[in-house]
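Asks: Model the structure of this input:
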Amino acid sequence: MRISRRNVLAKGGAATLAGLTMPAGLTLSAAEDAQPAWTIGDFRITPLLDGVVEVDETIFTDADPAARRDLLEDAGQPEGKIRLDVNTFLIERGDTTILVDTGTRDLYGPTLGKLPAALAAAGVDPSDIQHVILTHMHNDHVGGLVDGNGKSAFANAQLHVAEAEWTYWTSEDNFASATAAGQFSFAGARAATPLYQDRVQPFSGTAEILPGIHPIALPGHSLAHTGFRLTSGADQLIIWGDVVVSPELQFAHPEWTSTFDADPAQAAQSRMQIFREVAADQIPVLGMHLPFPGAGTVLRNGDAYELTAL
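Replies: As a prediction, the model looks like this:
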């Protein structure tokens, strides 16, 4: 599959979504010059862009170099690099306000850490967030739990995260045994732990964590990487976290993994599992590294898949 960022990203915002047919149950609601949002049943979901991070294409070490470069060049990516959008998602249901992942704050430089501005554009104050749900605890998902002054960014929020994920990233033994580069990966979690440890609600299994929100185990990218299924009546939507790191590469080659994956073989297995489900049932998906606004539907094409971006 070939995704052109020039086509997908250049218009941005509501224009990116205009004129497309929504999957069953998914409705676009974006006034002119307003933040784009979708509704599914009684959920309203607003995508929030934390920014763009640039990584070396060689993080995909098991990819054929020529095929990798061909796909990236076709997508308009810079030579030797991959630009990845970092998305979070605001969920509103009745009087409940939920944030899924929190972006990076300043952990990866000035092109990121835009979540506070995105929330403001959506008319939401951080104090309004009642629940923060984490797909996993890598820096680009937990950095925004802490503000620039080292305080809790979401003072009134309960934190929901897979129990095994919380245990791993808050372990002093795991931090001490990591390499210097590995220890940096703990930065966001270590900053957030003392601020949220009294209001964390770890979960395990598939039991509903909030009304209409069920976790989906998608391990491999991290120890307990988790997606979330939102259901309202007969309608559903899946937030799949980092199942896809590079959409330009991993729809065409679901077997390709990155050095960001804790267990590459398991990450590929989880990706193929969720690809098969959402393609077969045409379930709309939201992803943290899909081109902003981070939504689409997936079609199978032989051994590969294609993303129709929304």
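Asks: What segments of the chain are helices?
Replies: With DSSP state H, the ranges of helices along the chain come out as 5-9, 13-17, 65-74, 115-121, 139-142, 163-169, 172-177, 180-184, 187-196, 247-250, 264-281.
Asks: So which of those helices is nearest Trp240?
Replies: For these, the distance to Trp240 is smallest for helix 264-281, at 5.7 Å, taking Cβ to Cβ. Just so you know, the C-beta spots here come from the backbone N, C-alpha and C atoms, and that holds for glycine as well.
Asks: And that closest one, what does it pack against?
Replies: Packing partners of helix 264-281 (3 or more Cβ pairs under 8 Å, 6 or more residues apart in numbering; DSSP states H and E): strand 295-301.
Asks: what separates Asp145 from Ile216, distance-wise?
Replies: You called it Asp, but residue 145 is Leu. When distance is defined by Cβ to Cβ, to the nearest Å, Leu145 is 22 Å away from Ile216.
Asks: The two - which one has more neighbours?
Replies: Taking neighbours as other Cβ atoms under 10 Å, Leu145 and Ile216 compare with Leu145 leading, 26 against 20.
Asks: how about the nearest residue to the more buried one, chain neighbours excluded?
Replies: Ala192 (4.0 Å; Cβ to Cβ, 6 or more residues apart in numbering).
Asks: Name the nearest residue to Ala267, ignoring sequence neighbours.
Replies: Take Ala267 and drop its neighbours on the chain: the residue closest to it by Cβ to Cβ, 6+ apart is Gly220, 3.0 Å away.
Asks: ok, the one you found - contacts?
Replies: Listed by Cβ atoms under 8 Å, 6 or more residues apart in numbering, the contact partners of Gly220 are 261-271.
Asks: quick one, what contacts Met272?
Replies: Contacts of Met272 (Cβ under 8 Å, 6+ apart): 254-255.
Asks: Do you know the pLDDT at it?
Replies: According to the prediction, Met272 has pLDDT 98.
Asks: any idea how far it is from Gly51?
Replies: Counting by Cβ to Cβ - Met272 and Gly51 are separated by 29 Å.
Asks: try Thr170
Replies: 26 Å.
Asks: repeat for Pro254
Replies: Computed with Cβ to Cβ, the distance linking Pro254 and Gly51 is 26 Å.
Asks: if we can go back for a sec, wait, the residue nearest to Leu145 touches Gly150, no?
Replies: No - in this structure, Ala192 is not within contact of Gly150 by Cβ atoms under 8 Å, at 10.3 Å.
Asks: Have a look at those two and say which one is more surrounded.
Replies: Ala192 (25 against 9).
Asks: tell me the contacts of that one?
Replies: Contacts of Ala192 by Cβ under 8 Å, 6+ apart are 142, 145-146.
Asks: Same check on Glu165?
Replies: Glu165 sits next to 134, 136-137, 222-226 when contact means Cβ under 8 Å, 6+ apart.
Asks: Asp50 now?
Replies: 86-88, 103-104, 112-115, 118, 140, 144.
Asks: where does the residue nearest to Gln269 when sequence neighbours are not counted land on pLDDT?
Replies: Of all residues not flanking Gln269 in the chain, Gly220 sits nearest, at 6.6 Å (Cβ to Cβ, 6+ apart). Per-residue confidence (pLDDT) for Gly220: 98.
Asks: thinking again about what came up before, next, work out how far apart the residue nearest to Leu145 and Asp261 are.
Replies: Going from Ala192 to Asp261 by Cβ to Cβ gives 22 Å.
Asks: Then Gly296?
Replies: 22 Å.
Asks: again, but for Ala189
Replies: 18 Å.
Asks: These two: which has the busier surroundings?
Replies: With other Cβ under 10 Å as the criterion, Ala189 and Asp261 differ in neighbour count, and Ala189 comes out ahead with 26 against 20.
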